[in-house]
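1. here is a sequence together with a model predicted from it:
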Amino acid sequence: GAGVSQSPSNKVTEKGKDVELRCDPISGHTALYWYRQSLGQGLEFLIYFQGNSAPDKSGLPSDRFSAERTGGSVSTLTIQRTQQEDSAVYLCASSLLAGVSYNEQFFGPGTRLTVL
Amino acid sequence: AQSVTQPDIHITVSEGASLELRCNYSYGATPYLFWYVQSPGQGLQLLLKYFSGDTLVQGIKGFEAEFKRSQSSFNLRKPSVHWSDAAEYFCAVALYNNNDMRFGAGTRLTVKP
């Protein structure tokens, strides 16, 4: 596609339910990043992928959060047993490469998650 | 500790007025520096970046930023603001490469007619 796409754009769920957020990166981009944007908090780095592997998972807030990437393309961020503090906008970005000096990250529009 | 600070949470300016958004960083070395803009319902768009060289950087949409090493600052400026500039602006830094890019909390810009 022309840009990074994310689905769904909005997700409302009940506390304790599991949710899956999807990211489709720009075709040909090998690096993919997940961020969380909470009100007044800026963007919090969660995890990045180089290909299908995730060298750095240190930003994941708890073991309820996990992410995978298959085929070097689509990525899914899963939040298990959601809590109200998980409510935020989850942003995905992709770039040509990662870890080799700087390549511009291109961002998707985000998924707004609301946990009731 | 490494940090990126945007001191102003919300700024309101009149259309046609000049704009300056502040960004300060605290890192052991000079990082790569960026400004992004996020319009409502949109992803982040890169306005400009500084890696090295000329400390005054020109970006898209008429924005510029100046790196001041002595002040650990990278303030964003625009001489004349347009109503379409109303958005959230994020300063970001990266010490080595993409993987460690960290963002400030953002400054929301409102433009008065």
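-> Cool, got the structure. Numbers count the residues shown, from 1 in each chain, chains lettered A, B, ... in the order given.
2. rest of the way, CA atoms for contacts and neighbours
-> Fine.
3. so where is chain B shaky, pLDDT-wise?
-> B:1, B:96-99 (pLDDT under 70).
4. okay, which residue is most central for chain A?
-> By CA atoms, centre = their mean, chain A has its centre lying nearest to A:Trp34, at 3.1 Å.
5. distance of that residue from chain B?
-> 11 Å (CA to the nearest CA, to the nearest Å).
6. which strand or helix spans that residue?
-> strand A:31-38 (DSSP states H and E).
7. swap in B:Ser80?
-> B:Ser80 belongs to no helix or strand, assigned by DSSP H and E.
8. thought it was touching B:Ser14?
-> No - taking contacts as CA atoms under 8 Å, B:Ser80 lies outside contact range of B:Ser14: 9.2 Å.
9. now do stretch B:72-85: everything it contacts.
-> For stretch B:72-85, contacts defined as CA atoms under 8 Å, 6 or more residues apart in numbering or on different chains pick out B:13-26, B:33, B:35, B:62-68, B:109, B:111-113.
10. would you mind listing the buried residues in it?
-> By 16 or more other CA atoms under 10 Å in any protein chain shown, the buried positions in stretch B:72-85 come out as B:72-78, B:81-82, B:85.
11. could you dump those residues to JSON lines with distance to A:Phe45 and secondary structure?
-> Shown next, in JSON lines, are these (distance: CA to CA, whole Å; DSSP: H, G, I helix; E, B strand; the rest coil):
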{"residue": "B:Ser72", "distance to A:Phe45": "22", "secondary structure": "coil"}
{"residue": "B:Ser73", "distance to A:Phe45": "22", "secondary structure": "strand"}
{"residue": "B:Phe74", "distance to A:Phe45": "21", "secondary structure": "strand"}
{"residue": "B:Asn75", "distance to A:Phe45": "23", "secondary structure": "strand"}
{"residue": "B:Leu76", "distance to A:Phe45": "23", "secondary structure": "strand"}
{"residue": "B:Arg77", "distance to A:Phe45": "26", "secondary structure": "strand"}
{"residue": "B:Lys78", "distance to A:Phe45": "28", "secondary structure": "strand"}
{"residue": "B:Val81", "distance to A:Phe45": "31", "secondary structure": "coil"}
{"residue": "B:His82", "distance to A:Phe45": "31", "secondary structure": "coil"}
{"residue": "B:Asp85", "distance to A:Phe45": "26", "secondary structure": "helix"}
